[in-house]
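*Asks:* for reference, the sequence and a predicted model appear below.
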Amino acid sequence: DQQVKQNSPSLSVQEGRISILNCDYTNSMFDYFLWYKKYPAEGPTFLISISSIKDKNEDGRFTVFLNKSAKHLSLHIVPSQPGDSAVYFCAASVVYNFNKFYFGSGTKLNVKP
Amino acid sequence: EAGVAQSPRYKIIEKRQSVAFWCNPISGHATLYWYQQILGQGPKLLIQFQNNGVVDDSQLPKDRFSAERLKGVDSTLKIQPAKLEDSAVYLCASSMGTTETQYFGPGTRLLVL
């Protein structure tokens, strides 16, 4: 039973434009959400997170939006750069339950120069 | 600061053989995780340690997989005997505590023939 879903396996965007990556979840108990970025042959690296008490968190070019009623979160990258080309995973957890992460299947972003 | 170290980086074995992976977490990180990432899927938690105690091993196939964390630092994950479906990347991650950001190692890519 996949509790976190990323329905777009890939996304292609022109350099300088906005990239929007989407993630849906089914467990209403999730209260902490993260995005990880993964380059080939490397482990995932933490990008940005959001707690369920917020609906937006920004860090430079990266913004995560959380819509609890729709059980949906998205990652916006503005402006997109070729170095952003990677696989992006969203993850969700229940903090009091030892923060066990459930990952989506990932979206491969390709930013074209 | 050194990151999470894993070895070997690649391993090819035949089914029914045994294999072991090693992980050295970031110094001072009390929590250690082993994930299995099958091609096209997100990482799935196999086992979580807090110091040298097991917090969660609900998704660890205990008939063939075992893990230990000696002295609350390094950890080994063993598969015996391996099956074809065990082909995956095995990721180790660590965090300061259970509610902190997880930092991933580069992973061990296992191919079972």
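*Replies:* Good, I have the coordinates. Residues are numbered from 1 along each chain as shown, chains lettered A, B, ... in the order given.
*Asks:* which strands or helices does the helix or strand bottoming out on mean pLDDT in chain A pack on?
*Replies:* Sorting the helices and strands of chain A by mean pLDDT, DSSP states H and E puts strand A:101-103 at the bottom, at a mean of 92. With contacts taken as 3 or more C-beta pairs under 8 Å, 6 or more residues apart in numbering or on different chains; DSSP states H and E, strand A:101-103 sits against strand A:86-93. Placement of C-beta: from N, CA and C, glycine included.
*Asks:* let me know the pLDDT of A:Gly83.
*Replies:* As predicted, A:Gly83 sits at a pLDDT of 96.
*Asks:* and the residue nearest the centre of chain B?
*Replies:* Nearest residue to the geometric centre of chain B (C-alpha atoms, centre = their mean): B:Trp34, 3.1 Å.
*Asks:* how much space between it and chain A?
*Replies:* B:Trp34 is 12 Å from chain A, where distance means C-beta to the nearest C-beta, to the nearest Å.
*Asks:* cool, B:Phe49 as well?
*Replies:* Separation of B:Phe49 from chain A (C-beta to the nearest C-beta) stands at 11 Å.
*Asks:* was I right about that residue contacting B:Thr76?
*Replies:* No. With contacts counted by C-beta atoms under 8 Å, B:Phe49 stays clear of B:Thr76, the gap being 11.4 Å.
*Asks:* partners of the least confident helix or strand of chain A in the sheet?
*Replies:* If you go by DSSP bridges, strand A:101-103 pairs up with strand A:86-93 (antiparallel).
*Asks:* any idea of the mean pLDDT in the partner strand?
*Replies:* 96.
*Asks:* alpha carbons of it, as PDB, please.
*Replies:* Only the C-alpha atoms of strand A:86-93 are listed here, as PDB (Å, rounded to 0.1, in the frame of the first residue of the first chain):
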ATOM      1  CA  ALA A  86      18.000  15.100 -10.700                       C
ATOM      2  CA  VAL A  87      15.400  12.800  -9.300                       C
ATOM      3  CA  TYR A  88      13.200  14.400  -6.600                       C
ATOM      4  CA  PHE A  89      11.600  12.300  -3.900                       C
ATOM      5  CA  CYS A  90       8.900  13.500  -1.600                       C
ATOM      6  CA  ALA A  91       8.600  11.800   1.800                       C
ATOM      7  CA  ALA A  92       6.100  12.000   4.700                       C
ATOM      8  CA  SER A  93       6.200  10.900   8.300                       C
END
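*Asks:* hmm, the helix or strand of chain B with the lowest mean pLDDT in reach of chain A?
*Replies:* Lowest by mean pLDDT, DSSP H and E among the helices and strands of chain B is strand B:53-56, with a mean of 91. Yes. If you take C-beta under 8 Å from any C-beta of the partner chain as the test, strand B:53-56 does meet chain A, through B:Val55, B:Asp56.
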